[in-house]
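Participant: Curious how this folds, go ahead:
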Amino acid sequence: MTDGELVNMFNSGDKNAFNELYEKYANQAVRTAFLITHNKALSDDIVQESFIKCYVGLKNIKNPEFFRSWFFKILVRTAWEMDNKNKYDIPVDEIFDRVEMALNNEEPKDDFNFLYDAVNALGKKQKTVVVLFYFNDMSISEISKITGFLNSTVKSQLFLARKNIKKYIEKTKKKGGLLVNEI
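Facilitator: Presented below is the predicted three-dimensional model:
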């Protein structure tokens, strides 16, 4: 069943249609929120808040077939808001993980963690565009609708992000860090 059909069913009174939309996008939403904020507890809160906003505002959606873009616009904006409010909060479980890693002199060494660190070092706009483009397979125009950026801005943010990731990798290599495949 398409998103548009589910939205129309929900707006006609079928509350189970929203559950299907939730099931379809919940995991992707958590991953996206985490990649933007780098905070698991905050990611869960962002997703919950986004689905609440979605539930309340679903009756006002103009084009039900564009639910995905509409929902991710809510998610990204909520992530930006909540990340700014919680910028310096570190969840307790992360504190213990960091202390344990420091005590054991452990650092994540695999390519995914290294690349994740490179993406996490990006600014908010570049990180968001990279997450939506590479991790969620969204088009330039879809990202433009979600973020409110012009298509040209999305393209330039992707270009700058790739450039900054490459710089991060080169800088880390010079410091004796992990070698990864070139981007």
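Participant: alpha carbons only for contacts and neighbour counts from here, please
Facilitator: Noted.
Participant: Is Ile46 in contact with Trp80, as I believe?
Facilitator: No - using C-alpha atoms under 8 Å, Ile46 is not in contact with Trp80; the gap is 9.4 Å.
Participant: Which of the two has more residues huddled nearby?
Facilitator: Remark: of Ile46 and Trp80, Ile46 carries more neighbours, 27 against 17, as counted by other C-alpha atoms under 10 Å.
Participant: Next one, pLDDT for that one please.
Facilitator: What the model reports as pLDDT for Ile46 is 95.
Participant: Tell me the helices and strands packed up against the helix or strand that it is a member of.
Facilitator: Assigned by DSSP states H and E, Ile46 falls within helix 40-57. Helix 40-57 is packed against helix 16-37, helix 67-85, with contacts defined by 3 or more C-alpha pairs under 8 Å, 6 or more residues apart in numbering; DSSP states H and E.
Participant: If we use 10 Å, what do you get?
Facilitator: helix 16-37, helix 67-85, helix 92-103 (3 or more C-alpha pairs under 10 Å, 6 or more residues apart in numbering; DSSP states H and E).
Participant: Just the CA trace of it, in PDB.
Facilitator: Only the C-alpha atoms of helix 40-57 are listed here, as PDB (Å, rounded to 0.1, in the frame of the first residue of the first chain):
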ATOM      1  CA  LYS A  40      20.900   7.700  21.100                       C
ATOM      2  CA  ALA A  41      18.600   8.900  23.900                       C
ATOM      3  CA  LEU A  42      17.900  12.200  22.100                       C
ATOM      4  CA  SER A  43      17.300  10.300  18.800                       C
ATOM      5  CA  ASP A  44      14.500   8.300  20.400                       C
ATOM      6  CA  ASP A  45      12.900  11.500  21.800                       C
ATOM      7  CA  ILE A  46      13.200  13.200  18.400                       C
ATOM      8  CA  VAL A  47      11.500  10.300  16.600                       C
ATOM      9  CA  GLN A  48       8.700  10.200  19.200                       C
ATOM     10  CA  GLU A  49       8.200  14.000  19.000                       C
ATOM     11  CA  SER A  50       8.200  13.800  15.200                       C
ATOM     12  CA  PHE A  51       5.600  11.100  15.000                       C
ATOM     13  CA  ILE A  52       3.400  13.000  17.500                       C
ATOM     14  CA  LYS A  53       3.700  16.100  15.300                       C
ATOM     15  CA  CYS A  54       3.000  13.900  12.300                       C
ATOM     16  CA  TYR A  55      -0.100  12.400  13.900                       C
ATOM     17  CA  VAL A  56      -1.500  15.700  14.800                       C
ATOM     18  CA  GLY A  57      -0.800  17.400  11.500                       C
END
